[in-house]
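S.K.: Just a sequence and a predicted model for now, questions to come.
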Amino acid sequence: MKTKSKNSPRRAAFPKVGSIPYEGPDSKNPLAFKHYNAGELVEGKTMRDHLRFSVVYWHTFRGTGSDPFGSGTMLRPWDDGSNSVANAQNRVRAAFEFMHKLGAPYYAWHDRDVAPEGRTLAETNRNLDAVAKVLKEEQQRTGIKLLWGTANLFSHPRFMHGAATTCNADVFAYAAAQVKKALEVTHELGGEGYTFWGGREGYMTLLNTDMKREQEHLARFLHLAVAHKKKIGFRGQFYIEPKPKEPTKHQYDSDAAACLNFLREYDLLPHFKLNVETNHATLAGHTMHHELEVAASAGALGSIDANTGDELLGWDTDQFPTSYYLGAYVMLTILKYGGFKTGGVNFDAKVRRESFEPIDLFYAHIGGMDCFARGLKIAAAIRKDGRLAEFVKQRYSSWDSGIGARIESGKASLKEIEAYILAKGDVSPNASGRQEFLENLINEFI
Ligand code: XLS
Ligand code: NI
Ligand code: NI
């Protein structure tokens, strides 16, 4: 019987695709970038460094295409479908081939995406180490870096009541141990961040829930992670990822404002920034632009999970972003606050169940990257033009001197303010908000 030699070269997962080139806006090549030109300078910085694109392991390499009405559809010839460590290691090589050909500088994972769960936590940890070894080799081979790691604390049935906010102390202990290990592996792989998304940190009914106790446990959990981070010398950024619902009916990290309040209340704010996701913003009844402004104006904008929802569907459809308006609004806020200091544009997005061929993964990511590259250029052009910023500046100019400046600086008392307006008799006339004018202005650049 012929045995496969250990050194025989791996069959390419995407044999028909080479490195994705930049060909410019006139190209008709579906396997080329029209807008993302990694080395091109925008506002003095390369597009690569502005956008810091990242591919997610869970959707792109573990997504099966299953939905509540049907099983998986994805064709993934490199994956033997088994739960073995060898298959997991082989999948890593396919993943890095994809990311390298795409030209994405970063990726992100959950512990359970990359390695299979064993019979005990100790065995599971050994599996993770065995796969992390290959992740490290592939990172070194390709130069692709880990944007952030995270632990999956929501898929296994043991987490049915939550992880940090479970009613069962043993489950809390299991989750804490799992985070400890995921943090250590993230550190070992030079990860630049670590994300806490509260998969089932919330409730289905208040009738069985001690909300105060659960929130205190969540804070304890995060403080334990902060302490361990220090202990092992991990210098990456911690993120909280807001989401209002799904899978639970109410998640504690429901939106950016709720997260900021929680972090402040429990003295965690210095240790965390937010990872803001488009589809979560819309589930919360906000726009992504709104959530970014809330996070950034509190100095807590860390990273973004770039995707989009469907206007007509009320769940987390995690579609790839293609709207230039979305890309432009996101990048306007990112540029306004000085660009990503940590984090990046992480495609927490999945191809549709019907887009089951491997090549669809390329089309999806190329489109998402072009959407954000175009958004970056639009945002930079709007900033260079200056009319939008000038309008906003003028709109608030009554605060720059006189009574406005005295109120802002805290010098004016209520008595002084009253005397001022009594002497005037009434307010000076308001100016128009010019919303339609400004919407037209944005359209000049799209
Ligand atoms: C799910 C979340 C998840 C996090 C990582 O809705 O977006 O994918 O980003 O746990
Ligand atoms: Ni996400
Ligand atoms: Ni999501």
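M.R.: On my side now, so go ahead. Ligands and ions are numbered 1, 2, ... in the order given.

S.K.: Could you pick out the residues of this protein near ligand 1 for me?
M.R.: Selection of the chain residues close to ligand 1 by Cβ under 6 Å from any ligand atom yields 110, 150, 195, 197, 241, 243, 277, 305, 316, 348. No exception for glycine: its C-beta is placed from N, CA and C like everyone else's.

S.K.: Now do the same contact list for the closest residue to the first one other than its chain neighbours.
M.R.: So that's residue 110. Computed as Cβ to Cβ, 6 or more residues apart in numbering, the closest residue to residue 110 that is not its neighbour in sequence is residue 152, at 4.0 Å. Residues counted as contacts of residue 152 (Cβ atoms under 8 Å, 6 or more residues apart in numbering) are 110, 111, 112, 113, 199.

S.K.: run the last query once more with 10 Å
M.R.: 58, 109-113, 117, 159, 163, 178, 182, 197, 199 (Cβ atoms under 10 Å, 6 or more residues apart in numbering).

S.K.: just residue 153 next, same as before
M.R.: 110-112, 159, 162-164, 166, 171, 174-176, 178-179, 182, 196-201, 221.

S.K.: And for residue 208?
M.R.: 161, 167.

S.K.: how close does it sit to residue 155?
M.R.: Separation of residue 208 from residue 155 (Cβ to Cβ, to the nearest Å): 22 Å.

S.K.: Neighbours of residue 373, how many?
M.R.: 26 (other Cβ atoms under 10 Å).

S.K.: That one belongs to a helix?
M.R.: Yes. Counting by DSSP: H, G, I helix; E, B strand; the rest coil, residue 373 is located in a helix.

S.K.: Surely it is in contact with residue 46?
M.R.: No. Proximity of residue 373 to residue 46 does not meet the contact threshold set by Cβ atoms under 10 Å, at 11.2 Å.

S.K.: which residues do these two both contact?
M.R.: 37, 38, 40.

S.K.: thought the last one was touching residue 46?
M.R.: Yes. With contacts counted by Cβ under 10 Å, residue 40 reaches residue 46, the gap being 6.7 Å.

S.K.: Between these two, tell me which one has more neighbours.
M.R.: Legend: neighbour count by other Cβ under 10 Å for residue 40 and residue 46, higher for residue 40 (16 against 13).

S.K.: Just list the residues touching that one, thanks.
M.R.: Counted by Cβ under 10 Å, 6+ apart, residue 40 has contacts 22, 46, 47, 48, 50, 373, 376, 377.

S.K.: just checking, what packs against the helix or strand where the fifth one lies?
M.R.: For residue 50, the enclosing helix or strand under DSSP states H and E is helix 47-51. Under the contact criterion of 3 or more Cβ pairs under 10 Å, 6 or more residues apart in numbering; DSSP states H and E, the helices and strands touching helix 47-51 comprise strand 41-42, helix 324-336, helix 358-385.

S.K.: Tabulate these (TSV), appending mean pLDDT.
M.R.: Shown next, in TSV, are those (pLDDT from 0 to 100):
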stretch	mean pLDDT
strand 41-42	98
helix 324-336	98
helix 358-385	98
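
S.K.: I'd like those as a markdown table, with distance to residue 409 appended.
M.R.: Putting these into a markdown table (distance: least, Cβ to Cβ, whole Å) gives the following:
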| stretch | distance to residue 409 |
| --- | --- |
| strand 41-42 | 36 |
| helix 324-336 | 24 |
| helix 358-385 | 28 |
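
S.K.: where in this protein is pLDDT low?
M.R.: Residues of the chain meeting the criterion pLDDT under 70: 1-8.

S.K.: So which residue is smack in the middle of it?
M.R.: Of all residues in the chain, the one closest to the mean position by Cα atoms, centre = their mean is residue 305, 2.3 Å from it.

S.K.: Tell me the residues on the protein that lie near ligand 2, please.
M.R.: 277, 305, 348 (Cβ under 5 Å from the ion).

S.K.: Just the ones of the residues you listed in strands?
M.R.: 277, 305 (DSSP state E).

S.K.: does the spatially closest residue to residue 268 that is not a sequence neighbour sit in a helix, a strand or a coil?
M.R.: In this structure, residue 268 finds its nearest non-sequential neighbour in residue 222, 5.5 Å apart by Cβ to Cβ, 6+ apart. At residue 222 the chain is in helix, as set by three-state DSSP.

S.K.: and residue 222, what does it touch?
M.R.: So residue 222 contacts 164, 179, 196, 238, 240, 262, 263, 266, 268, 271, 272 (Cβ under 10 Å, 6+ apart).

S.K.: are any of those residues buried, and which?
M.R.: Buried members of the contacts of residue 222, counted by 16 or more other Cβ atoms under 10 Å: 164, 179, 196, 238, 240, 262, 263, 268, 271, 272.

S.K.: thinking the last one is in contact with residue 236, fair?
M.R.: No. At 11.9 Å, residue 272 does not count as touching residue 236 under the criterion of Cβ under 10 Å.

S.K.: Among the residues of the chain next to ligand 1, which one sits closest to ligand 1?
M.R.: The nearest member of the residues of the chain next to ligand 1 to ligand 1, counting by Cβ to the nearest ligand atom, is residue 197 at 3.6 Å.

S.K.: Could you report the neighbour count for that closest one?
M.R.: Around residue 197 there are 23 residues (other Cβ under 10 Å).

S.K.: Most neighbours of all the contacts of residue 152, which one?
M.R.: residue 109 leads the contacts of residue 152 on contacts (other Cβ under 10 Å) with 31 neighbours.

S.K.: how close does residue 162 sit to residue 209?
M.R.: Distance, residue 162 to residue 209, using Cβ to Cβ: 10 Å.

S.K.: More neighbours: these two, which one.
M.R.: The neighbour count for residue 162 versus residue 209, taken as other Cβ under 10 Å, is higher for residue 162 (28 against 17).

S.K.: Identify the residue nearest the residue of the stretch 151-300 of the chain found nearest ligand 2 in space, chain neighbours excluded?
M.R.: As assessed by Cβ to the ion, ligand 2 sits closest to residue 277 within the stretch 151-300 of the chain, at 4.4 Å. Counting by Cβ to Cβ, 6+ apart, residue 305 is the residue found nearest to residue 277 once chain neighbours are left out, at 3.5 Å.

S.K.: Quick check: bridge partners of the residue nearest to the centre of the chain?
M.R.: residue 277, residue 346 (DSSP bridges).
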